[in-house]
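**Q** need a structure here:
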Amino acid sequence: MSAFTSSFTIATRGKGTYEITEPVAQILRQSGLQTGLVTVFVQHTSASLVIYENADPSARIDLHAFFEKLVPEDTSYFVHTDEGPDDMPSHLRMVLTRTSEAIPVAQGRLQLGTWQGIFLFEHRRAPHHRTVVVSVLG
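**A** Got it, this is the predicted structure:
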């Protein structure tokens, strides 16, 4: 078994989803591995990863709206608000999603479905630089 690990940074413009499928696929190509598993991990507690619809942007608009209603900002009972009203909601949104995704690899390609993409889900209003670590085992 072989292993290869690399990372990249993505600059966000604030809340939203940012497709990272291609940088992950590029790291897979760099690894030279043809069969195995890719693990993608975001090193933050106020951003997450999702595998989601990548063909129709309106699906992501609906996802964003759903999370705004599910975990609203300025909730009166939140105590952890040192970094502003989006601080605690960003942590809760991360917990409700994931910080890592595992994708099978066959013939040197990510085995994502036709309409699937890998997205960094930024939960903070302000722009951030997010580090994503990719490990390939095969």
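
**Q** Could you list the low-pLDDT ranges of the protein?
**A** Low-confidence segments of the chain, defined by pLDDT under 70: none present.

**Q** longest helix of it?
**A** helix 57-70 (DSSP state H).

**Q** residues of that helix that come out buried?
**A** Using 16 or more other CB atoms under 10 Å as the test for burial, helix 57-70 gives 60, 63, 67. The way it works is simple: take the backbone N, C-alpha and C, and place the C-beta from them, glycine included.

**Q** show me what contacts the nearest residue to Glu19 once chain neighbours are set aside?
**A** Beyond its immediate neighbours in the sequence, the residue positioned closest to Glu19 (CB to CB, 6 or more residues apart in numbering) is Gly117, lying 4.9 Å away. Gly117 sits next to 19, 21, 51-54 when contact means CB atoms under 8 Å, 6 or more residues apart in numbering.

**Q** neighbours of the nearest residue in space to Val79 that is not next to it in sequence, just the number please.
**A** Sequence neighbours aside, Met88 is the residue nearest to Val79 in space, at 7.7 Å (criterion: CB to CB, 6+ apart). Residues near Met88, counting by other CB atoms under 10 Å, number 20.

**Q** what do you get for Ser31?
**A** 22.
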